[in-house]
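Participant: Have a look; sequence and predicted model below, questions after that.
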Amino acid sequence: MTTQDPNELLKHKQELNQQKQEFANFARSVSEGGEVEAGQEFSTDRQDDDQNRMKSVENRRT
């Protein structure tokens, strides 16, 4: 966008806000009833990362 007309900027901002609202509504409708409690959004069945595990071992030694 090369124009700095305040009315054009406001119109563009309103369009972006409308798109954000539409996406938020879509996301809510898709995930209806599928919300998880805080702290449970990560999978517990993933494999440990060897590098992080070794770093933990190293940190315990010092």
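Facilitator: Arrived safely, thanks for sending. These numbers were taken from a predicted model, which means no experiment stands behind them. Numbers count the residues shown, from 1 in each chain.
Participant: residue boundaries of the helices in this structure?
Facilitator: 6-30, 50-61 (DSSP state H).
Participant: got CSV for the ones you listed, with mean neighbour count too?
Facilitator: (Glycine included, C-beta is placed from N, CA and C.) Shown next, in CSV, are the helices of the chain (neighbours: other CB atoms under 10 Å):
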stretch, mean neighbour count
helix 6-30, 10
helix 50-61, 9
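Participant: Just send these back as a markdown table, with mean pLDDT too.
Facilitator: Below are these laid out as a markdown table (pLDDT from 0 to 100):
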| stretch | mean pLDDT |
| --- | --- |
| helix 6-30 | 91 |
| helix 50-61 | 73 |
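Participant: Tell me how far Asp50 lies from Glu58.
Facilitator: 12 Å (CB to CB, to the nearest Å).
Participant: likewise Lys20?
Facilitator: 44 Å.
Participant: go on, Leu16?
Facilitator: Taking CB to CB, one finds Leu16 at 47 Å from Glu58.
Participant: likewise Ala24?
Facilitator: 43 Å.
Participant: cool, Val30 as well?
Facilitator: 43 Å.
Participant: what does Phe23 give?
Facilitator: 43 Å.
Participant: cool, and Pro6?
Facilitator: For Pro6, the distance to Glu58 - CB to CB - is 57 Å.
Participant: Could you do Glu22 as well?
Facilitator: Distance from Glu22 to Glu58, by CB to CB: 49 Å.
Participant: what does His12 give?
Facilitator: His12 is 52 Å from Glu58, by CB to CB.
Participant: tell me the phi and psi of Ser31?
Facilitator: phi -100, psi 20 (degrees, to the nearest 10).
Participant: That one - how many residues pack around it?
Facilitator: Other residues near Ser31 number 10, with proximity taken as other CB atoms under 10 Å.
Participant: For it, report the pLDDT, please.
Facilitator: With respect to pLDDT, Ser31 scores 77.
Participant: Against Asn25, how distant is Ser31?
Facilitator: 11 Å.
Participant: I should have written Lys55 there, sorry.
Facilitator: 42 Å.
Participant: Over to Gln19?
Facilitator: From Gln19 to Asn25 the distance is 11 Å (CB to CB).
Participant: Then Pro6?
Facilitator: 28 Å.
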